[in-house]
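>>> dropping a prediction and its sequence here:
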Amino acid sequence: MKQGDFTNLADDYAKYRPSYNSKLVTKIINAVGMRPEAIKDVDVGAGTGIFTKCLLSEGLSAVTAIEPNLKMREAGRKNLGKDIRFLDGSAEKTGLESCSVNLISMASAFHWTNTYDALREFDRILSKNGVFSALWNPRLTDRSPVESEVQELLSSKYKIESRVSSGLSGITTELYNILNTCGFFKSIMYAEAVDVVRRTPQEYIGAWRSVNDIQAQLGEYKFSKFVGEIERIINKNVYVDVHYLTRVWIAKK
């Protein structure tokens with residue numbers, strides 16, 4: 001499996017990936033300064049539409065989802081219905097008209113982009129006072145005995161200390177400075193919130209099977225062994241409490 005290729009992960013992604021903190025979704029929308037129903041939004045790197053659904057739940061109706069992977073787009077259309085436009089495109093080349101949207105969102109996806117090419121494209125398609133928001137929802141593994149054991153297994157036996165898409169490393173360590181110095185935005189805001197989600201063993205394993213970067217690093221055989229070891233850890237539990245930290249950067253043009 002290649003880094004960033006979710007072709008074979010779409011079903012598990014749609015079924016088992018978590019959502020995002022609803023209060024922070026509201027904060028993003030409020031930053032635009034318009035009634036939700038008047039906002040024209042594009043959700044870039046939308047995947048199967050998990051965050052797109054969050055926007056719809058907040059009252060947005062003019063939402064376009066852009067996703068480069070065909071299987072993920074197909075799963076998104078299946079989950080959200082035909083009323084939501086799922087377009088083939090990328091952060092660097094959305095295919096949208098200049099100054100045509102008020103809000104751009106990227107949920108658990110901005111780390112896959114060519115950062116500055118994407119920001120230049122966002123500057124082009126955002127209207128005056130438009131908002132770009134990047135967000136992630138990594139797990140706080142130290143807050144759960146089961147999660148801590150799984151994380152220790154990943155780092156000690158499989159030698160994976162950091163992740164491309166964890167939301168706690170990589171681009172997120174410098175994102176505030178990137179947005180503040182790129183010259184496209186006049187203000188930057190950061191916020192975070194924690195949700196505790198009780199997951200069955202099936203849901204917990206399903207979420208791991210939807211992860212690209214670990215599978216790409218370990219390869220099929222080692223990843224299969226890793227999942228088997230997770231199953232032995234969690235099968236003695238009826239559920240696992242997973243602490244998801246939604247982290248949001250909001251940049252206003």
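Arrived safely. Residues are numbered from 1 along each chain as shown.
>>> and the helices in the stretch 151-253 of the chain, which stretches?
Here the stretch 151-253 of the chain has its helices, by DSSP state H, counting those that start in this stretch, at 175-181, 201-209, 212-234.
>>> ok, and which of those helices has the densest surroundings?
Neighbour counts (mean count of other CB atoms under 10 Å) averaged over each of these peak at helix 201-209, with a mean of 18. The C-beta positions use only the backbone N, C-alpha and C, and glycine is treated the same way.
>>> mean confidence for that one?
Mean per-residue pLDDT for helix 201-209: 92.
>>> burial count for the nearest residue to residue 39 once chain neighbours are set aside?
Spatially, and ignoring its direct neighbours in sequence, residue 39 is nearest to residue 102 (4.9 Å; CB to CB, 6 or more residues apart in numbering). By other CB atoms under 10 Å, the residues close to residue 102 number 23.
>>> and residue 102, how close does it get to residue 5?
From residue 102 across to residue 5, the span is 31 Å (CB to CB, to the nearest Å).
>>> equivalent analysis for residue 68, please.
Applying CB to CB, the value for residue 68 to residue 5 is 10 Å.
>>> between these two, who's got more neighbours?
Between residue 68 and residue 5, counting by other CB under 10 Å, residue 68 is the more crowded of the two (19 against 13).
>>> quick one: the helices in the stretch 1-150 of the chain?
Using DSSP H, counting those that start in this stretch, helices in the stretch 1-150 of the chain cover 10-16, 22-32, 50-57, 70-80, 115-125, 145-156.
>>> out of those helices, which one sits most buried?
Of those, helix 50-57 is the most buried (mean count of other CB under 10 Å), at a mean of 22.
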